[in-house]
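A.B. asks: Mind folding the following:
(4 chains)
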Amino acid sequence: MTKGIAKENQIVDKVKEVIGKSVLEIEIPRPRRIFILIDKKAFGKATHYLTKKMRFSHVSTITGVDVGKEIEVIYHLNRGGTIELSLKVRVAKDKPVLPTIIDLIPGATLYEREVHDLLGVTFEGHPDLSPIILPEGWPPDVYPLRKEWTLKKVQKRIMKGGKQ
Amino acid sequence: MDGGRNLAMVRELLKHLLKKPATLKYPFEKRVPFKGFRGGPIWDMRRCTGCELCYKVCPSEAIEMIGKGLEAEFKHYLDRCLFCGQCEEVCPVNAITMTEEYELASYDRAEMIIEFKREEKASKNLSRSSKNV
Amino acid sequence: MVPEGIMALIQILLFPGFLFLIALAFFHEWVDRKLLAKLQNRYGPLYTGPAGLLQPFADFIKLLSKEDITPKAADKFMFSCAPLFMLSFPLLALFLIPVTGLTASISFEGDLIFLMFLFTLIAITIFIAGWSSVSRFSTVGGVRAAFQMLGYEIPMTLVMVGPAIAARTLSISQIVGWQTHNAAWFIWLQPIGFAIFVLCLLAELEFIPFDIPEAETEIVAGWFTEFSGRKLALIRLGKDVELVLAASLITSLFLGGPNSSLPILATGFFLLKTTLAVVLFTTLRALFARFRIDQMIAGAWKYLIPLAILQMVLIQLGFGRW
Amino acid sequence: MSYPTIRIPFGPQHPFHIEPEYFMFEVDGERVVSVKPRIGYVHRGIEKAIEDRTFIQNLYLIERICGICSHAHTTCYTQAIEEILGVEIPPRARFIRTIIAELERIHNHYLWLGLAAHEIGFETLFMYTWRDREIVMDLLELLSGNRVHYAMNTLGGVRRDITPEIVEKIRKGLDALEERMRYYKKIAMTEPTISKRANGIGILKPKDALALCAVGPTLRASGIKRDVRADDPYIAYSEIPFNVITYDRCDVISRLFVRCDEVFESVNIIRYAMEHLPEGKIRIKVPRRVPEGEAVSRVEAPRGELIHYAKTNGTTKPERYKVRSPTLGNIPSLCKMLVGGYIADIPIVIAGIDPCFSCTDRMAFVNVNNNKQWILSGEELRRYAIKWYRKE
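C.D. replies: Predicted coordinates for the structure are as follows:
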């Protein structure tokens, strides 16, 4: 499995040069797939470097995962349709704030709004974080994809108090 | 505006004057589904050993078991069934077969529940007991 | 009651009058739907009456029994009058067309002009219907109907006057008489005029290439979105009678109309030719996609009007005269 | 002198949408000034529902994300789970999956052609294309037992094999499909009314397409050669020669041509795959419990790049499962195309990207209204109670 990932290793080495110290985890499970977990501090520099210099200009999507105390936001970036680099950033659950990447990739507007709707991560600089998926009368503090909000808890909340 | 009248379309239109319509006069003419079509499933209660595998694997919980082991009887909820064939596949004794019946709609949800009883208790165990057989 | 009065009453109410025309309207709608279905490789209406013949009538009855909702914000008076005008204008216009012989029920010098005036009234009724049912879709539909009228009105009028000049009369009955005597139909004498007239009638009837005012995929049902129940039934009947009007206008102006004075023969010819005209409309309907409103008007002004003027010039030079 | 722009709502219920989506248009006369999309009306909360179902049950839930590209979703799902399991499915299964994927692409493109014709008011073409679509649906029913949800994919391979006489029937069906599509492409090129409504409409320049991350035929119609089947090959696409179709006129008519040519490509792919169908098993046993891990899997669905992200925690249920369907990727570019056009162009431009809103809305939360009605009726209340007590 290692023979096919020469290009991937190159990319990882270049990324290490630029933001070496704040790279926490790197994983290349198979050809054309890279997972990099970086510290929140180096997020701005990393995204700028990847999108502009390394030409990862296509964002396939942005995934939000509730990992207990923190929320992990994964940016699935793509170069030339082939290599898919998943850039992972962890954000504290009580203060989930991340800078937006719309200036780098305009196409990410809806994905950021989606993560905002469902997990409560606010993206600074995003022009319009109004709900895109959830219905109008949705209580603002209920983030359905968070683990603490189980199906039944949300139903109770919606039927009892929340505006619907 | 009516300049480039294209003849391909005109020829095709006139050809259709002679063609037989492609649509069927349903419900008078019905289309027979192909072999292997996944229609409403039925249980063969003589073979069933009550192993609960079909009940566990059903993605939409459309199968309800009453009783245990060899006395187990089934209530199949047609309105929840996905016709995915997973129960037919997982049944170790091939008691479940997917029929080729697709006209399963009904006005009353009660009729959409089909019971499969054991042999000695009721006569019509093999065939369906609800109206829309 | 003087028998002659009864005869007039029968003429108006029964034979070439309302009953006959409305039955003809249903029949033509049936022909249109069945042929369109045949061209599109499907059956069309089947179960009501022999081969679905009574389907249009059944639709009409069904609509009569449906609930009739008037939008709260609508202009009540205009909203309820529009369907009535929509039905009465084409019916009135049909009395100018000779059906059972060489002269129509009402025929006077200049009834062609009166007919053109009725056509414009129909278009205005459509606009009023759209405007008075104050919903976004119908307003846009009404405005589009008005735009479309600007597009097809001028070429249609120019082309309708063609046969009048050739026959040196402004009465439809006399145009028909002229064609029968000289045994020369205007379709051969003024082919360009005939083509333009058919296209303009398609626009007037709002059939496919020009069904912009009721483009279902853009503005739901355009100007008659808000109508339901009895009002919708009247509007649909009005549109069917309009189809009969268009077909009979083509028959009388360009296909020589009922070219014999014997009532039975005349009506037979009239029915045959109008049905042929409807078949022509349906085939065109199955052939095209819908234009955009700006394309329609641009096309009308860029192509139809110059061609109509060319036709007028040809007639003056004596080609269309015989 | 700017007139006050009036706002025309398109949706959520509108005759030309097959699904409820909602666009609020600011219109100045007939010109569109601004667009504000609002989706989420068929929001069934599939990702949350996935988290409390087993992997086998999820197979059928994910299949129902979309009616037309159901096979693409299950292929993506089974690929992701098989990658985490580290399992390699037999080559015959890979070829059968490719055949079904390409048949589904033909089915989607025929359906789209009919819808586009309906959008511009061409009823006859709509009727013809949907009649010919029956050929490919019959093939799929023959192969998998169902016209739409084929349920061919399962973890570890496919559920039904292809017998020689099915291959023969497919070959005959493909000839008919190819010949009809050639005719429709000729119509699209010559018929003046179609080119009037689709030529130069809904322009998306390559620069915008890349910046707004457009996917699939919408991207390829702006001249950019991007196709997951070629760039990031999966199942059997690395062993089958085919070429990626691009047109560079960036408007609705070039999207139509891209899709027409893709049908020809799919037909050749299926023919090649049927000739080189390897022998052997069609599925292998897969454990119920999936080890901890994560995977990103990408598939070229008929509408564009479809991406799934799976995260598992060693139990029989996935920890987190993210689905991003192609339509969500195309909505920003759609808004760019719509601004500046006419009202009359809105349906055909929206139809241009072949939106599938059931895919787009499969996100996170169960729609409570359905539940509420669901609970009130007696039978459901009883069954819900049984399920509830069995859980406690």
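
A.B. asks: Which residue is the nearest non-sequential neighbour of the closest residue to chain A within chain B?
C.D. replies: Residue of chain B nearest chain A, by CB to the nearest CB: residue B:61 (15.0 Å). Every C-beta, even on glycine, is put in place using the N, C-alpha and C of the backbone. Take residue B:61 and drop its neighbours on the chain: the residue closest to it by CB to CB, 6 or more residues apart in numbering or on different chains is residue B:80, 6.7 Å away.

A.B. asks: got it, and residue D:50?
C.D. replies: residue D:321 (4.5 Å).

A.B. asks: is that neighbour in a bridge, and if so with what?
C.D. replies: residue D:310 (DSSP bridges).

A.B. asks: give the contact list for the nearest residue to residue C:76 once chain neighbours are set aside.
C.D. replies: Nearest residue to residue C:76 in three dimensions, chain neighbours excluded: residue C:70, at 6.3 Å (CB to CB, 6+ apart). Listed by CB atoms under 8 Å, 6 or more residues apart in numbering or on different chains, the contact partners of residue C:70 are C:76, C:79-80, C:226.

A.B. asks: Most proximal residue of chain A with respect to chain C?
C.D. replies: residue A:136 (20.8 Å).

A.B. asks: An error on my part: the question was meant for chain D.
C.D. replies: Closest point on chain D to chain C, by CB to the nearest CB, is residue D:121, at 2.8 Å.

A.B. asks: Count the residues that sit near that residue.
C.D. replies: 26 (other CB atoms under 10 Å in any protein chain shown).

A.B. asks: Need the single longest helix in chain B, by residues.
C.D. replies: Counting by DSSP state H, the longest helix found in chain B is helix B:7-18.

A.B. asks: In that one, which residues are buried?
C.D. replies: B:9, B:12-13, B:16 (16 or more other CB atoms under 10 Å in any protein chain shown).

A.B. asks: Need the mean per-residue confidence for it.
C.D. replies: Helix B:7-18 shows a mean pLDDT of 82.

A.B. asks: since we're on residue C:318, how many residues are nearby?
C.D. replies: 9.

A.B. asks: Phi and psi next, for it.
C.D. replies: Main-chain torsions, residue C:318, degrees, to the nearest 10: phi 100, psi 0.

A.B. asks: same thing with residue A:87?
C.D. replies: According to degrees, to the nearest 10, residue A:87 has phi -90, psi 120.

A.B. asks: Would you map the helices across the stretch 201-350 of chain D?
C.D. replies: D:206-211, D:216-220, D:228-231, D:252-275, D:326-338, D:346-352 (DSSP state H, counting those that start in this stretch).

A.B. asks: would CSV of those helices with mean pLDDT, mean neighbour count and distance to residue B:107 be doable?
C.D. replies: Output for these, formatted as CSV (pLDDT from 0 to 100; neighbours: other CB atoms under 10 Å in any protein chain shown; distance: least, CB to CB, whole Å):
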stretch, mean pLDDT, mean neighbour count, distance to residue B:107
helix D:206-211, 89, 17, 50
helix D:216-220, 90, 28, 42
helix D:228-231, 90, 20, 46
helix D:252-275, 92, 22, 41
helix D:326-338, 85, 25, 35
helix D:346-352, 80, 25, 35
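
A.B. asks: where does chain C have low pLDDT?
C.D. replies: For chain C, applying pLDDT under 70 flags the ranges C:1-2, C:216-219, C:320-322.

A.B. asks: what about 80?
C.D. replies: Within chain C, the ranges that satisfy pLDDT under 80 run C:1-2, C:11-16, C:101, C:136-137, C:140, C:213-221, C:259-261, C:318-322.

A.B. asks: Get me the contact residues on it for chain B.
C.D. replies: Proximity of chain C to chain B (CB under 8 Å from any CB of the partner chain) is limited to residues C:37-43, C:46, C:195, C:199, C:283, C:286-287, C:291, C:295-296, C:299-300, C:302-304.

A.B. asks: same thing but at 6 Å, please
C.D. replies: Residues of chain C lying close to chain B by CB under 6 Å from any CB of the partner chain are C:39, C:41-43, C:286-287, C:299, C:303.
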